[in-house]
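K.L.:
my questions concern the predicted model and sequence given below.
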Amino acid sequence: MWTAECAGVAHCVGMTTRRAVLGGIVAAAGGLVTGAAAASAAAGAAGPAATGKAGAAKGKARNAGALTPPGRSDLTITARKRAEWGANEAVRVKPDGSEAWALRFSPVQGLVVHHSALPVEADRNATVRGIHELHAVRRQWADIGYHLVIDPEGVVYEGRYSGRDAVPIFDAHPVQGRKPLVVTGGHVSGHNMGNIGICLLGDMTAAQPGAGARSSLVRTLAGLSVLCGLDPAVDFEYVNPDNGARVTKPTISRHRDWVGTACPGEAFATQFDTVRAEVVRLVKGQRAR
Ligand SMILES: [Zn+2]
């Protein structure tokens, strides 16, 4: 079981204000990212077929890389693929071709929001690569801990690898009548299985997310709620599939709701109820977007 923390480890492990320093990991190259990239059919993943993949459903992805809740195309989540932001897949795969961390899938239980607590480079792809490098190489987790990352403009990035198909984070595109299975990430220590981690790039200790990021976060949380059959307005009883431990948390939670951390940043965390309320309204269809 991972004991993963988010990119801003100083914020997430303790209550210190010490800033995690990436050193030379984050590339400082410029080049602004424009808009959401067209989804690519090729994930560029060299790894073996994921354990537990539902092969028949793989070909049904509507748009490669897009997650579309049934009947709610307005809540479609289109993620920039790992190949598009330049994930270094070599660190995920051992020389014999097997996964350095075996992929595990479990039914979705909740959604957990983080901030990276790190500077955002002009090159957003490079910023995501920096977090990947921090998690996968420096912390030796073999991959990025988050399932999805959102940049200041609201572009969504595919995080944790979930298999060779184009569907991000799940074993296959969720369908009605079957509880979606999500790959186990590394973002909320001791409670990773079944919890989807979504990270906003930037430091929300003294600032709120920008309009683009916030709007994208609300839409993403609403889309995942519908897709996974979750009620964003209520608390749920999280059950750890490994040891059966139970704890009650909000369906849409903050990292700090689970462990001793400031994440997702004091300023944003104290306003988080408004995000949850917007998600609830959006899921109910009271606002298109
Ligand atoms: Zn966090």
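P.N.:
Okay, I see it. Residues are numbered from 1 along each chain as shown.
K.L.:
what number of residues lie near Ser215?
P.N.:
The burial count assigned to Ser215 is 15, neighbours taken as other CB atoms under 10 Å. Quick note: C-beta positions are derived from backbone N, CA and C, even for glycine.
K.L.:
cool, Val167 as well?
P.N.:
Val167: 26 neighbours (other CB under 10 Å).
K.L.:
with adjacent residues omitted, what lies nearest to Cys228?
P.N.:
Once flanking residues are discounted, Cys228 sits nearest to Val108: 4.2 Å by CB to CB, 6 or more residues apart in numbering.
K.L.:
which residues touch that neighbour?
P.N.:
Val108 makes contact with Lys179, Pro180, Leu181, Val182, Gly194, Ile196, Leu224, Cys228, Leu230, according to CB atoms under 8 Å, 6 or more residues apart in numbering.
K.L.:
likewise for Ala245?
P.N.:
Val239.
K.L.:
following the longest helix along the chain, which helix or strand comes up?
P.N.:
The single longest helix within the chain, with elements called by DSSP state H, is helix 211-228. Per DSSP states H and E, the first helix or strand lying C-terminal to helix 211-228 is strand 235-239.
K.L.:
from memory His132 sits against Asp143, does it?
P.N.:
Yes: here His132 lies in contact with Asp143, judged by CB atoms under 8 Å, at a distance of 7.3 Å.
K.L.:
and those two? Which one has more around it.
P.N.:
A direct count of neighbours by other CB under 10 Å for His132 and Asp143 places His132 higher, at 28 against 25.
K.L.:
can you give me the first-to-last residue distance of stretch 74-90?
P.N.:
One end of stretch 74-90 to the other measures 36 Å (CA to CA, to the nearest Å).
K.L.:
please enumerate the strands of the stretch 51-200 of the chain.
P.N.:
66-67, 77-80, 105-107, 110-115, 148-150, 156-158, 181-183, 195-200 (DSSP state E, counting those that start in this stretch).
K.L.:
tilt between the longest helix of the chain and strand 110-115?
P.N.:
Per axes from the mean of the first three to the mean of the last three CA atoms, to 10 degrees, the angle that helix 211-228 makes with strand 110-115 is 160 degrees.
K.L.:
Val234: neighbour count?
P.N.:
For Val234, using other CB under 10 Å, the count is 10.
K.L.:
residues contacting the nearest residue to it once chain neighbours are set aside?
P.N.:
Closest residue to Val234 apart from its sequence neighbours, by CB to CB, 6+ apart: Thr251 at 5.9 Å. If a contact means CB under 8 Å, 6+ apart, then Thr251 has Gly110, Leu111, Ser225, Leu230, Asp231, Pro232, Ala233, Val234, Asp235, Phe236 as its contacts.
K.L.:
rerun that using 10 Å as the cut-off
P.N.:
Shown in contact with Thr251 (CB atoms under 10 Å, 6 or more residues apart in numbering): 109-111, 221, 225, 228, 230-236, 238, 276, 279-280.
K.L.:
so how far is the ion from it?
P.N.:
17 Å (CB to the ion, to the nearest Å).
K.L.:
so what pLDDT did that residue get?
P.N.:
On pLDDT, Thr251 comes in at 98.
K.L.:
so what would you say the end-to-end distance of stretch 203-215 is?
P.N.:
17 Å.
K.L.:
go on, stretch 143-153?
P.N.:
24 Å.
K.L.:
same thing with stretch 82-91?
P.N.:
Note: stretch 82-91 ends 13 Å apart using CA to CA.
K.L.:
and stretch 86-94, by the same measure?
P.N.:
Span of stretch 86-94 from end to end, CA to CA: 19 Å.
K.L.:
ok now it, how far from the chain's centre?
P.N.:
The chain centre lies 18 Å from the centre of stretch 86-94; the measure is CA atoms, centre = their mean, to the nearest Å.
K.L.:
for it, buried residues please.
P.N.:
Ala87, Glu89, Val91, Arg92, Val93 (16 or more other CB atoms under 10 Å).
K.L.:
which neighbours do His132 and Asp143 have in common?
P.N.:
Arg82, Ala87, Asn88, Val91, Arg92, Gly159, Arg160.
K.L.:
burial count for the first one?
P.N.:
In other words, Arg82. Arg82 has 28 nearby residues by other CB under 10 Å.
K.L.:
check the residue nearest to it when sequence neighbours are not counted and give its pLDDT.
P.N.:
Once flanking residues are discounted, Arg82 sits nearest to Glu158: 5.3 Å by CB to CB, 6+ apart. Note on Glu158: pLDDT of 97.
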